[in-house]
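[1] I'll drop the sequence and a predicted model, then ask my questions.
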Amino acid sequence: MMRRHEQLVKRLLQATEQMVQGGLSETSRRCGNPNCICRRDPKRLHGPHLYITYRMDGKSRSLYVPPEHAKTARRAQQAWAAFWKIGCSLAALNREQLRRQWHQEKKTRTAVQRGSVPRD
């Protein structure tokens, strides 16, 4: 189990090198120009534009991603998803380790109470 734990920690650290917390969303919008076609024809909105969406201080936020940086933003979000998945795997390993430890301690306590384990 320790080997698996070390592998996951290594992968977790690798994910931190480029991860950005949040999701990705694409949004089409109307601009502020009252004469623009996007005001007259709902099918001619501007976009879709890519955004990294996240929460900060309890509020939903978004960061516009320029088209030339879309690939980087997608990799950063994928790294975040990998970080989350690996973190959950580590937590599961730690939970199992605790379960085994507590089970062993209970067996030892029970054995001591019955007097079947010699005391020092």
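    Here it is on my side, so go on. A quick note: this is a predicted structure, and the numbers were derived from the prediction, not measured.
[2] now the helices: where do they sit in the protein?
    Assignment of helices within the chain using DSSP state H yields the ranges 2-16, 37-40, 70-114.
[3] make TSV out of the ones you listed and add distance to Ser28 and mean neighbour count.
    Heads up, the C-betas are built off the backbone N, CA and C, glycines and all. TSV is the format used below for the helices of the chain (distance: least, Cβ to Cβ, whole Å; neighbours: other Cβ atoms under 10 Å):
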stretch	distance to Ser28	mean neighbour count
helix 2-16	31	13
helix 37-40	9	13
helix 70-114	15	13
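[4] and these, which one's lowest on average pLDDT?
    Among the helices of the chain, helix 2-16 carries the lowest mean pLDDT, at a mean of 87.
[5] mind checking the longest strand of the protein?
    If you go by DSSP state E, the chain has its longest strand at strand 46-56.
[6] which helices and strands does that strand pack with?
    strand 23-29, strand 59-65, helix 70-114 (3 or more Cβ pairs under 8 Å, 6 or more residues apart in numbering; DSSP states H and E).
[7] could you dump the ones you listed into TSV and include distance to Arg39?
    TSV is the format used below for these (distance: least, Cβ to Cβ, whole Å):
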stretch	distance to Arg39
strand 23-29	11
strand 59-65	21
helix 70-114	27
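[8] geometric centre of the chain: which residue is closest?
    Trp84 (3.1 Å; Cα atoms, centre = their mean).
[9] how near is that one to Tyr51?
    19 Å (Cβ to Cβ, to the nearest Å).
[10] swap in Gln18?
    18 Å.
[11] these two: who's more crowded?
    Tyr51 (18 against 15; other Cβ atoms under 10 Å).
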